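J.: Just need the structure, nothing else, for what follows:
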Amino acid sequence: MLQFLAQKCTSVLLDQGAIQIERKAVYVYGFELFWSTTLCAVSILAVGAIFDCASLSVTFLLFFMPVRTVAGGYHASSYGRCFALTNIIAALCVAASIYSSRAALPEILLWVLLALSFAFIWKEAPFVSRTHPLKEARILKNRKYTHTLIVIEAAALLALKALAGTEVLYTAVITSCIVAIMIMIPKRGERGV
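T.: Okay, here's the model as predicted:
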């Protein structure tokens, strides 16, 4: 389905003369990524709405997708697996935040986990795979974007602390921890290679 959508979108651009045929493969790939991300986000939002957790789903997406886009880390081997894994992670983050807020975990634990996650992401991102290397300019740009996003997320978390319920705050913190883990997974694997 993604391939079909990507081909259709690219064909429209080709028919309108907006792109050249030599660039077709790049646009097909770009549209595959766009539709994969869009469908995944829509699915997470829909499930959140169905289970009356819309604000937690939005929080997950805001703290997961921007950093993951520039920080890299573990990636599934196909769009279908990526869709399933991201939806499962979203559900687990939301469930864990609901459980954690009701269990009344010590707030200091929340902030320690967040500080450790942000410090790790700040230091290690972006993850650059040996099999998919990035140019030095792209690495530097992604590192700058990651650092900017971490600062924005830290400010947002302080605002959430003041304005939102504990479930929203827990969702943001747990999601940030998951992002750090997803950066850590391939780093460990490549150290052993």
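J.: thought Ala71 was touching Val128?
T.: No - the pair Ala71 and Val128 does not pass the contact test of CB atoms under 8 Å, sitting 10.6 Å apart. No exception for glycine: its C-beta is placed from N, CA and C like everyone else's.
J.: the more surrounded of the two?
T.: More crowded of Ala71 and Val128, by other CB atoms under 10 Å: Ala71, with 23 against 17.
J.: how much space is there between the more buried one and Val12?
T.: 32 Å (CB to CB, to the nearest Å).
J.: and what of Leu160?
T.: Taking CB to CB, one finds Leu160 at 40 Å from Val12.
J.: quick one: which of these two has more around it?
T.: Applying other CB under 10 Å to Leu160 and Val12 shows that Leu160 carries more neighbours, namely 20 against 11.
J.: check which helix or strand covers that one.
T.: Per DSSP states H and E: Leu160 is located in helix 136-163.
J.: so what does the helix or strand just after that helix touch, helix or strand wise?
T.: With elements assigned by DSSP H and E, the helix or strand that comes after helix 136-163 is helix 166-191. Under the contact definition 3 or more CB pairs under 8 Å, 6 or more residues apart in numbering; DSSP states H and E, helix 166-191 sits against helix 54-71, helix 79-103, helix 107-124, helix 136-163.
J.: Give me the angle between helix 166-191 and helix 79-103.
T.: Helix 166-191 and helix 79-103 are oriented at 130 degrees to each other (axes from the mean of the first three to the mean of the last three CA atoms, to 10 degrees).
J.: Can you give me the buried ones in helix 166-191?
T.: Residues of helix 166-191 classed as buried by neighbour count (16 or more other CB atoms under 10 Å): 166-180, 182-184, 186-187.
J.: quick check: angle from it to helix 136-163?
T.: Using the same axes, to 10 degrees: helix 166-191 against helix 136-163 is 160 degrees.
J.: Need the distance between the two termini of stretch 100-108.
T.: Terminal residues of stretch 100-108 lie 13 Å apart, using CA to CA, to the nearest Å.
J.: I'd like the average pLDDT over it.
T.: Mean pLDDT, computed over stretch 100-108, is 79.
J.: Identify all contacting residues around it.
T.: 110, 165-167, 169-170, 174 (CB atoms under 8 Å, 6 or more residues apart in numbering).
J.: middle-most residue in this structure, spatially?
T.: Nearest to the mean C-alpha position of the chain, by CA atoms, centre = their mean, lies Met65 at 2.7 Å.
J.: thinking it is in contact with Thr38, fair?
T.: No - counting by CB under 8 Å, no contact exists between Met65 and Thr38, whose distance comes to 10.8 Å.
J.: Spatially nearest residue to Ala91, not counting backbone neighbours?
T.: Ranked by CB to CB, 6 or more residues apart in numbering and with sequence neighbours excluded, the top spatial neighbour of Ala91 is Val47, at 7.0 Å.
J.: isn't that neighbour right up against Ala95?
T.: No - with contact defined as CB under 8 Å, Val47 does not count as touching Ala95 (11.5 Å).
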